[in-house]
Structures are given as C-alpha cells and as structure tokens.
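>>> okay, predicted coordinates and the sequence, questions at the end:
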Amino acid sequence: MNLKKFGTKTTRSHAITYGLVVLAFIFVQILDGTGTLTSSLRGQLVPICAYVVMAISLNLTVGILGELSLGHAGFMSLGAFSGVIISIALQERVASEPLRLLAALLIGAVIAGIFGFVVGVPALRLRGDYLAIVTLAFGEIIKNVINTLHVGIGPNGLRVSMTDQAALNLGEEGTVIIQGPMGAVGISKLATFTAGFILILVTLFIVLNLIYSRSGRAIMAVRDNRIAAESVGISITRYKLTAFIISAALAGAAGALYALNYSTVVARKFDFNTSILVLVFVVLGGIGNIRGSIIAAIVLTILPELLRAFNDYRMLIYAVILILVMLTSNNDQLRHLLGRITGVVRHGSKKRPNGEGATHV
Amino acid sequence: MTFLSYLISGLSLGSIYAIIALGYTMVYGIAKMLNFAHGDVIMVGGYMSFVATAHLGWPPLASILLAVVVCTLLGVTIEQLAYKPLRAAPSLAVLITAIGVSYFLQNAAQLIWSSNPKSFTSVVQLPSLKLFDGQLTISSVAIVTIAACILIIIALTFIISKTKIGKAMRAVSEDKEAAQLMGINVNQTISVTFAIGSALAAIAGVLLSSAYPLLMPTSGAMPGIKAFTAAVFGGIGSIPGAFWGGLLLGLIEIFGKAYISTQLSDAIVFSMLILVLLVKPTGLMGKKIHEKV
C-alpha cells in the first residue's frame, strides 16, 4: 500500500519535471515566434540546453553518488571535440544535418563515457577532497592535451599530430579540424534549440529512471553509508562506476551540442571555471534535486545577460548574489532575517496592482 | 650546467608554490574548507605591491609590507563576512561561497586595474649571481624566493609547535568542540590562521610577480590551483607536506618543461599528482583516514 503511494508520488514529481521542461520549450518557441526574444538571448538557447544537461549529469555525480567532481568540463570538452571531428568527418558522406548531429552527440557521449571509466577506476578509490582534486587534475590534463592537438582529415583518413599542422600531411584536399591552441575551426552549426530540448528530455529520462531503479537505490545507499551498503552485498565499485560513467557520457553529449552551436571552439573554454560554473548550478539548485538543477542552470545562465545593464559591474554583482544566496540559504540567523524581509516584500507587493515590487532571484 | 640552472628555477618556482600551499593547508587543517579564494588573495598582494612601487614610489620593502597588511586584513574580513556564518553549513556550500569570493576579487580587481596586464618591477633589485666563470647565472629573485620559503617554513614550524596560538591551532584542527571545552577561542584561532595564510599569500604574490612580471586579475588563479595541487600532493592539512609538495611540484613543472614538452607541462604536473594519489591515497605525508563502522 505504502509502496504504491510512493510510486504515484514519484510519477507525479517526474511528470512535473518533464512538464516544466516542455512548457519552457513551448514558452520560448512562442517568444521566438512573436519576436520578443532578444538576439543575445536567442544565441544563449543552445548553451542553456547544454548547461542544463551538464547540471543534471553533474548532479548525478555530486547529489546521487555523493562525490565532488571539479573536472566535469573535461568530459564536456572531450564530447565537444570528438563531436566536432565526427560532424566534419561525416560531412561528405551523410547529407542529413540532424543525422550528423545525432552521430556527433552519440560519439561525444561514448568517448566521454570511455574516459569516465578510465578516470573513474582510479579516482573512485579515493575519498572526498582527494577525489575532487583528481577530477580537477583530469580536467586540466584534458584541456592541456587538446590545446596541443592538431587533427585533420584528408584522403588518407583522420590524422592526429601533437606537434604542428604540417605534420598532418593532409595534402590539398584535406581539411584541418583542430588547430592546437586555436581550437576547432570551420564547424557547421548543426545544433538547434529543438535538438537541445530533446537532449534534455533524453537526459532526464535516463537520470530519473536510473535514480528510481534498483541501481539508483544501490548508488544512494553507497552515498549514505558505504560500509553498510557493502555489508549488505552492494558492489561499491560497480555502482559508483555506473553512475560516474553515465554522468560523464551525458556531459560528453552536452559538450557536442555546445560545440556544434559555434563556428569555432577552443579547449580553454572548458576549463576549471566551467566545471565550477556547473557545480554552482547543482549546489544552488539543490544537491540531489534534478528539477532544481534545471532551474538553476537556466536562471544563472540568463542572469549575466539580464545584468548587462550594469555593464562592467555585472560579474561583480553576480559574485555578490552568489555569496548572498549561499549565506542566506545556509545560515539560520540570516534565513530568519530574510524570511522577515521577504514577508514584508510580499506583503507590500500585494498592495501594488501590477506586482512590480516582486523580486526574482 | 643547464641541469643546475633548471634545478634552481624549479626550486624557486616550487618555493612560491610551497608558500601558497602552506596557506591552503593551514586553512584546510583548521577550518576543513577548500579556500578557493586563496589564489586571488595572491593576486591582490601582487597589485598592492605594484601600486606602492609604481604609483606611490615606495621602496620595495615598504611595498611588501603594504601587500602583507592589506592581504591579512582582506583574509580576515573574508573569513568574518563570508565563511564564519557558514561554520555549521555543508562543506559544498562553503566551497561555493569561496568561489563567489574568488569571482568577486577577480572582478573587483578588473574594475580597479582593468584586465590589461601590468608590468611589475621586481622587488629584488640585486645583480644576479654568476658562478663557474659565468656558465651558471642565478637570478637574485630566485635566491630571495628560496630563502624566503625556508625562513617561512622555519617560522611556521616554530609558531605551530612552540607558541600558545600554535598549540590552539593544533587543538582546533584535531577536535573543534573539545578545543572549545578546554577554553580555546575557536573563532579567534581560525581568524589568526586566515591572517597567517593571507599574509603568506601576499608574500607569494609579490615573489610570483617579481619572477613572472605580468600582473592580471586572473594572475592568481592558476598558481592557486597548482598550489592547491601541491598541498594535496604532500597530504592536505600537513605543513611539511605542503612544503615538500610545493617544492616537488615546482621541480616537476620546470624539468617537465625542459626535458619532455613545454606545451604539456601542466598535463605532466597533474598526471604526477594522479599517480602519487594512486599509490598514496592521502598524499605523501597525509594522515591515514581510519574509518569507523
């Protein structure tokens, strides 16, 4: 009886999450159709989708698995560059753009997933901050190595060099895809908002189903008490790795989507700051709260755009907002204080017919 | 000869990492938090010294003093405003707050000094040392940096093992509640730790800018991450660990650049870290964590 009730509750919760994403998509489509969307905001649509997927996938590692990762952008980077290579390599053979995008997303996910395994096996043996530093180190290694890579495609197939472009030996017909520190160039912009929306739905489907499956419960048991979980026969390594690899693969798909939205992309884009940015989405959205991650990723990607009016001060204001949100949501005294203030604001805004006094942060 | 000169530049870079890592590791040992804003305090220290020498025309020593005073105050203020209210909060919340502080410092510096690199005049204006008939040149900055690092580690070891506040620090890092029950002012001890850590960051900032004279708002970020790596390398929370970890990291970076690949030096440094952690999961000198059921 109780179990049944639990089931319906989660189904309802899932429906709300999916519904919110679909509604947001329709809302944006309407805005776009009526022309109310500013061009800078329209340019942000695909990156927002990519960041939402990143946030959901990192939440799987941080919230569900309970391990801090500071190198999630490394997986994004792997997905981005392998996706770009595939999309350019298939340019001649596959005419359909959505099909090429699909191939890029899949390959990006697979490559990132493989590296998730390679990093996961040693890293998941470590605990807490030591695991965090290994993921950080991994992200930096990926950034550094891709920064020195030269990749091109010619009559002889795909060529890779760590020294310079000339070593690729492409001949006249060849195309250079990655130019070391200059990054990947000549990318055809395959990514669309609709594709991003579908990727978010697929990600949600994978992650939510994982969390509420037998494996998901095992993963959370490992998070809550490793020793107790082990003593009831849960294989720690297996479940930790499962979660970590899925998380990495999703980040790879997000990276491919992100990269295929621009004509050029550089390895420096996926640095420590990007990893941290996604971590901020996860923490502000609520650790382990998938819906929260989605909302935080959207709001915090748009926020700097909205703060554009403040020009040079916008990142400063962003930082202050970040600190204040963390302080007010984690300190009891401040939370009470804020509760009183927002109580007053709400009380005040009721009197105004337009509700202009309401603040959205 | 070239080997010797690489060795010295490795030791000099390693000394800078060690000084920064000492600050990281002390704060971690006592407040159990990763202070990601530490790297940006280094940058503030660099700018303070720059302002004092380039704009105010102060002598180098006075500029170092200004950097130390400003950074110490800054460190304590950050701790009071941003970290102290979060003593009971989950560690991730503190981490994100530290990142917020880091963004704040970087962007404030960008507003004040713009993002254009400033060329820093070295605070050490002595002639470089020539040995073996001029075959080996050692820059004076390198000598001063290594000497400063050794002095700092001696002073820190003395403070921590012999003085009353050092004893309090050790007690707080061991068990906060028990320390409080024994009459130790935990908040004050944490503040003092932040003060010392930030003062070290200021010195590191001045030395770093003297050795690599381009100063930018993001100048502290990468050395900060590297020093954090060094602290973990040696075993985070351990003072000798931070010292040796810093030195080793500097040596690996310079030798990697010289003998393996210039472009891949960062990848080499971080790969070494992963290798070390695989063999010794809590760093070179870290305490083993015993888990109780």
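Nice, I can see it.

>>> interface residues of the stretch 101-250 of chain B facing chain A?
Residues of the stretch 101-250 of chain B lying close to chain A (Cβ under 8 Å from any Cβ of the partner chain) are B:101, B:103-104, B:107-108, B:110-111, B:221, B:225, B:228-229, B:232, B:236. The way it works is simple: take the backbone N, C-alpha and C, and place the C-beta from them, glycine included.

>>> recalculate using a threshold of 7 Å.
B:101, B:103-104, B:107-108, B:111, B:225, B:229, B:232, B:236 (Cβ under 7 Å from any Cβ of the partner chain).

>>> among those residues, name the buried ones.
B:101, B:103-104, B:107-108, B:225, B:229, B:232, B:236 (16 or more other Cβ atoms under 10 Å in any protein chain shown).

>>> now, among those, which is nearest to B:Gly75?
Taking Cβ to Cβ as the measure, B:Gly75 lies nearest B:Val101 of those, at 10.4 Å.

>>> model confidence for the closest one, exactly?
At B:Val101, the model reports a pLDDT of 93.

>>> can you check A:Gly171 too?
pLDDT, read off for A:Gly171, is 68.

>>> what's the average pLDDT for stretch B:38-45?
93.

>>> which strand or helix spans B:Lys130?
strand B:129-131 (DSSP states H and E).

>>> any low-confidence regions in the stretch 51-200 of chain A?
For the stretch 51-200 of chain A, applying pLDDT under 70 flags the ranges A:171-173.

>>> what about 90?
Where the stretch 51-200 of chain A drops to pLDDT under 90, the residues are A:63, A:65-71, A:88-99, A:119-134, A:136, A:147-192.

>>> contact residues of it facing chain B?
A:68, A:122, A:125-127, A:129-130, A:133-134, A:137, A:140-141, A:144-145, A:148.

>>> which of those are buried, as a PyMOL select command?
Of those, the buried ones can be selected in PyMOL as follows, counting by 16+ other Cβ under 10 Å:
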select buried, chain A and resi 68+122+125+126+129+130+133+134+137+140+141+144+145+148
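
>>> what's the most distant pair in the residues of the stretch 51-200 of chain A next to chain B?
Taking Cβ to Cβ, no two of those sit farther apart than A:Arg127 and A:Thr148, at 32.4 Å.

>>> before we move on, the earlier item: same list, the buried ones among the residues of the stretch 101-250 of chain B next to chain A, but as a markdown table with distance to A:Ile246 and secondary structure please.
As requested, those are exported to a markdown table (distance: Cβ to Cβ, whole Å; DSSP: H, G, I helix; E, B strand; the rest coil):
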| residue | distance to A:Ile246 | secondary structure |
| --- | --- | --- |
| B:Val101 | 33 | helix |
| B:Tyr103 | 30 | helix |
| B:Phe104 | 35 | helix |
| B:Asn107 | 35 | helix |
| B:Ala108 | 39 | helix |
| B:Ile225 | 27 | helix |
| B:Thr229 | 28 | helix |
| B:Val232 | 27 | helix |
| B:Ile236 | 29 | coil |
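
>>> please enumerate the strands of the chain.
Using chain A here. A:150-154, A:157-161, A:175-179 (DSSP state E).

>>> was after chain B, sorry
B:118-119, B:129-131, B:136-138, B:214-215.

>>> mind telling me which of these the model trusts least?
strand B:129-131 (a mean of 73).

>>> show me what that one is packed against.
Judged by 3 or more Cβ pairs under 7 Å, 6 or more residues apart in numbering or on different chains; DSSP states H and E, strand B:129-131 is in contact with strand B:136-138.

>>> so how far is the strand it packs on off the chain centroid?
Using Cα atoms, centre = their mean, to the nearest Å, the distance from the centre of strand B:136-138 to the centre of the chain it belongs to is 26 Å.

>>> that strand - contacts with which helices or strands?
Counting by 3+ Cβ pairs under 7 Å, 6+ apart, strand B:136-138 packs on helix B:2-31, strand B:129-131.

>>> next, the buried residues of the longest one.
Taking 16+ other Cβ under 10 Å as the neighbour-count basis, helix B:2-31 is seen to contain the buried residues B:5-6, B:8-31.

>>> does chain A sit close to it?
No - Helix B:2-31 does not reach chain A (Cβ under 7 Å from any Cβ); its nearest approach is 8.0 Å.

>>> do me a favour and average the pLDDT over that helix.
On average, helix B:2-31 scores 90.

>>> centre of the chain versus it, how much separation?
Relative to its chain's centre, helix B:2-31 lies at 7 Å (Cα atoms, centre = their mean).

>>> before we move on, what about stretch B:94-103?
17 Å.

>>> of the helices and strands packed on strand B:136-138, which is nearest B:Leu249?
Nearest to B:Leu249, of the helices and strands packed on strand B:136-138 and by Cβ to Cβ, is helix B:2-31 at 5.3 Å.

>>> tell me what the closest one is packed against?
Against helix B:2-31 (3+ Cβ pairs under 7 Å, 6+ apart) you get helix B:38-50, strand B:136-138, helix B:140-162, helix B:164-174, helix B:186-211, helix B:221-234, helix B:239-255.

>>> any idea which of these is most buried?
helix B:38-50 (a mean of 28; mean count of other Cβ atoms under 10 Å in any protein chain shown).

>>> angle of it against helix B:2-31?
110 degrees (axes from the mean of the first three to the mean of the last three Cα atoms, to 10 degrees).

>>> and helix B:38-50, what does it pack against?
Right, helix B:38-50 is packed against helix B:2-31, helix B:60-78, helix B:91-113, helix B:186-211, strand B:214-215, helix B:221-234 by 3+ Cβ pairs under 7 Å, 6+ apart.

>>> next, the angle from the first one to helix B:164-174.
Just to be clear, that refers to helix B:2-31. Using the same axes, to 10 degrees: helix B:2-31 against helix B:164-174 is 80 degrees.

>>> pull up the residues of the stretch 251-361 of chain A that are close to chain B.
So far as Cβ under 7 Å from any Cβ goes, the stretch 251-361 of chain A lies against chain B at A:272, A:276, A:280, A:283, A:287, A:312, A:315-316, A:318-320, A:322-323, A:326-327, A:330-331, A:334.

>>> kindly recompute the last result at 8 Å.
Counting by Cβ under 8 Å from any Cβ, the stretch 251-361 of chain A sits next to chain B at A:272, A:276, A:279-280, A:283-284, A:287, A:312-313, A:315-316, A:318-320, A:322-323, A:326-327, A:329-331, A:333-334.

>>> among the residues of the stretch 51-200 of chain A next to chain B, which one sits closest to A:Glu97?
The nearest one, if we look at these relative to A:Glu97 and count by Cβ to Cβ, is A:Val145, at 29.7 Å.

>>> and that closest one, how far from B:Ile268?
11 Å (Cβ to Cβ, to the nearest Å).

>>> what's the local residue count around the residue nearest to A:Ala24 when sequence neighbours are not counted?
Leaving aside its sequence neighbours, A:Ala24 sits nearest to A:Ile298 (Cβ to Cβ, 6 or more residues apart in numbering or on different chains; 7.3 Å). A:Ile298: 21 surrounding residues under other Cβ atoms under 10 Å in any protein chain shown.

>>> how far out from the middle of the chain is stretch A:158-170?
That offset, for stretch A:158-170, works out to 31 Å (Cα atoms, centre = their mean).

>>> I meant stretch A:202-216, not that one.
With Cα atoms, centre = their mean, you get 16 Å for stretch A:202-216.

>>> go through it and flag the buried ones.
So stretch A:202-216, judged by 16+ other Cβ under 10 Å, has buried residues A:203-204, A:206-208, A:210-212, A:215-216.

>>> mind listing what residue 58 touches?
Assuming you mean chain A. A:69, A:72, A:247, A:251, A:278-279, A:281-282, A:293 (Cβ atoms under 8 Å, 6 or more residues apart in numbering or on different chains).

>>> I was thinking of chain B, sorry if that wasn't clear
So B:Trp58 contacts B:52, B:66 (Cβ under 8 Å, 6+ apart).
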